[in-house]
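In: After the sequence you'll find the predicted model.
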Amino acid sequence: MTTAAAPQTRPFEAEVAQVLHLVTHSLYSHKEIFLRELVSNASDACDKLRFEAIASPELLAGEGELRIEVGSDKAARTITLRDTGIGMDRDEVVANLGSIASPGPRRFLEAMSGEQKADARLIGQFGVGFYSAFVVADRVTVLTRRAGAPAEAGVKWESDGRGEYTLEEALVPERGTTVILHLKPGEDEFLDDWKLRSLIRAYSDHVAFPIRVPKRAAAGKDDETQADAAPEWETANDASALWTKPKSEIPDEDYRRFYASLGHDFNAPAAWTHNRVEGSQSFTTLLYLPAQPPLDVLMGGRDERKGLKLYIKRVFIMDAAQELLPNYLRFVRGVVDADDLPLNVSREILQHNRQLERIKGACVKRVLDLVEKLSRDAPEAFAAFLKAFGNTLKEGIVEDAGNRERIAKLLRFASTKGEGAAQAVSLDDYVGRMAAGQDAIWYVTADGHKAAAGSPQLEAFKARGIEVLLMSDRIDAWMVGHLHEYAGKPLRHVAKGELPLDGAEKKRQEDAAKAAAPLLDRLGALLGERVEQVRVSARLTDSPSCLALAEHEMAPHLAHLLREAGQAVPENRPTLEINPQHPLLRRIEDETDEARAADLATLLLEQAELTAGAPLADPAAFVQRINRLLG
């Protein structure tokens, strides 16, 4: 081997330096997570090697066993964690330990900004778990060699976490990665073998590879004798895949521990389902509903989502198999282990695999079954689940036509029969108490609960005792556009189309329109091109005016949101409905000053637009108009 080059010193990229600063100064109450994260990384490295070895068995040459070793040296005050996994070459070391190779650190920083307090859950969820080593260590050394590379192709990485790291060639006899933590003063508790064993049991018990620790000292042997002897190793974790065990043998606490290691989440899951399907296609699923939104889902949104872990015959294939669940269930965590897929499956093959489609269908059914069970058996937990994931679930109304009614059954809405925004009404509740002769499920959409509850279009429905669902989440207007009926009942927006009137009501409406014809003509002339039509309303009992929409016209608040997002939305002139009995309408009817009449008519339209969620075209002119009328 030629003379090794001198160590090269490099600065961390700015965002990595920020991550290190936050980790080392904010997570002092969660110090023990460093071991969980380093073990998780080591397990991933073993998984990756086992997968690559399917196509290249020679990668397992030398040490065939995939394992993790954790030990401490009290004299040197170090903790060493070694794995026999895939290892890294020089470029991978730079990409993974010194720079931004993925959006993880950036997402981590976004999640920690503003009022967000440091949270240990963030570490693993955003892929920055390695840096948690600096919570307890003032220097970290990494020795690594990629499987298949010669011993002299090893790499040594070292840093004190203060802004830069050194990189140099190293002779690494065995494949894999060794991480050495040089502990800070005051962190000696982590040198205790019992402490390390307890942390492994608590956080990493169900890692599918053996985690070896030095055997406890035999009674009667002194420390010096132990130090001179070669270490003997014993397995500290269960080292078996939890999902492969019979359900009857798995206590709830083990399910919860596995979820914590799977989702890097300290909160217990809301519910889980564990199933084995036997037959022409055999597979096992273990699926969890989180109790709170995983922060990587919140920060990453729809375009950067996680997926289920996919195994085939207990061989890890991929960490985020998005093909196993539809996008609207992206919050679900879990594992799928299939017996009948080829081990060399790729993401491209997954996208066109009929067997996988059947597994996906089974996963969707299991998740929806689980949510339904939660709604029946644990109403409080279900309410918390909907608060966290209800809007994500609503996406399924649009995306999953085959399960649309099942999903709709799980949703809850505020209602004019409830009290406040928290009142939860299911569509089944609504249908079960529909008024005699009522043939539609009525709803209103608005950008906020108060706006929905105060909509003037509700007045006639309240007068008749007809319940209306108050849909006030921003996704609702989009979602309900695809939910045309439920339980055979059409869904109708209170502001759209003509209201159904009986014979007597229709006669009264026609008489009112005839009586108000001069007023309607005057308003039409005063407002001109700003309106499509002015007509007498059957919706209003107290308010002077409101907007009416055509059956397929977009609600004003939704149109505004889409325009703000840069979407092209067609411009529609509104239809203004009036209540001729309101004093404001009588004032317009009697007003002889055309300028004041124009101000009053414009104000009538603007207040209808505001209550419908449309922005004012000219706020300054609106204020001036109010001032003139009040002067």
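Out: Nice, thanks for sending it over.
In: what about S261, distance to D160?
Out: S261 is 29 Å from D160, where distance means Cβ to Cβ, to the nearest Å. For every residue, glycine as well, the C-beta is placed using N, CA and C.
In: what do you get for V364?
Out: 49 Å.
In: between these two, who's got more neighbours?
Out: Taking other Cβ atoms under 10 Å, V364 and D160 do not tie; V364 has more neighbours (21 against 15).
In: Give me the distance between the closest residue to F316 other than its chain neighbours and A236.
Out: Spatial nearest neighbour of F316, chain neighbours left out: D47 (3.6 Å); criterion: Cβ to Cβ, 6 or more residues apart in numbering. Distance, D47 to A236, using Cβ to Cβ: 19 Å.
In: Kindly report the same for E405.
Out: 49 Å.
In: The two: which has the busier surroundings?
Out: When neighbours are counted by other Cβ under 10 Å, A236 comes out ahead of the other of E405 and A236, with 22 against 14.
In: What is the subsequent helix or strand relative to the worst-scoring helix or strand of the chain on mean pLDDT?
Out: Ranking every helix and strand in the chain by mean pLDDT, DSSP states H and E puts helix 120-125 at the bottom, with a mean of 47. Heading C-terminal from helix 120-125, the first helix or strand you meet, by DSSP states H and E, is strand 137-145.
In: Which of the helices or strands spans the closest residue in space to V94 that isn't next to it in sequence?
Out: Among residues not flanking V94 along the chain, L167 sits closest, at 7.0 Å (Cβ to Cβ, 6+ apart). Following DSSP H and E, one finds L167 within strand 164-170.
In: cool, and R535?
Out: strand 533-536.
In: What helices and strands are in contact with that strand?
Out: Strand 533-536 sits against helix 503-515, helix 517-527, strand 575-578, with contacts defined as 3 or more Cβ pairs under 8 Å, 6 or more residues apart in numbering; DSSP states H and E.
In: Poorly predicted segments of the protein, please.
Out: 1-4, 22-29, 98-128, 216-230, 264, 294-306, 320, 342-352, 419-423 (pLDDT under 70).
In: hmm, back to that, could you list the paired strands of the strand holding R535 along with their orientation?
Out: strand 575-578 (parallel) (DSSP bridges).
In: Mind listing what's buried along the helix or strand following the strand it pairs with?
Out: Using DSSP H and E, the next helix or strand after strand 575-578 towards the C-terminus is helix 583-590. Going by neighbour count (16 or more other Cβ atoms under 10 Å), the buried part of helix 583-590 is L584, L585, I588.
In: Starting from A620, give me the distance back to the last one.
Out: Taking Cβ to Cβ as the measure, I588 falls 23 Å from A620.
In: what do you get for A568?
Out: Separation of A568 from A620 (Cβ to Cβ): 27 Å.
In: just E529 next, same as before
Out: Distance of E529 to A620, given as Cβ to Cβ: 21 Å.
In: Same check on S375?
Out: Separation of S375 from A620 (Cβ to Cβ) stands at 50 Å.
In: those strands in the stretch 301-450 of the chain, which residues are they?
Out: 308-312, 315-321, 333-338, 414-415, 441-445 (DSSP state E, counting those that start in this stretch).
In: can you give me the helices for the stretch 401-550 of the chain?
Out: 404-410, 427-432, 449-453, 459-464, 476-480, 503-515, 517-527 (DSSP state H, counting those that start in this stretch).
In: can you state the direction angle for the last one and helix 503-515?
Out: The one in question is helix 517-527. Relative orientation of helix 517-527 versus helix 503-515 (axes from the mean of the first three to the mean of the last three Cα atoms, to 10 degrees): 60 degrees.
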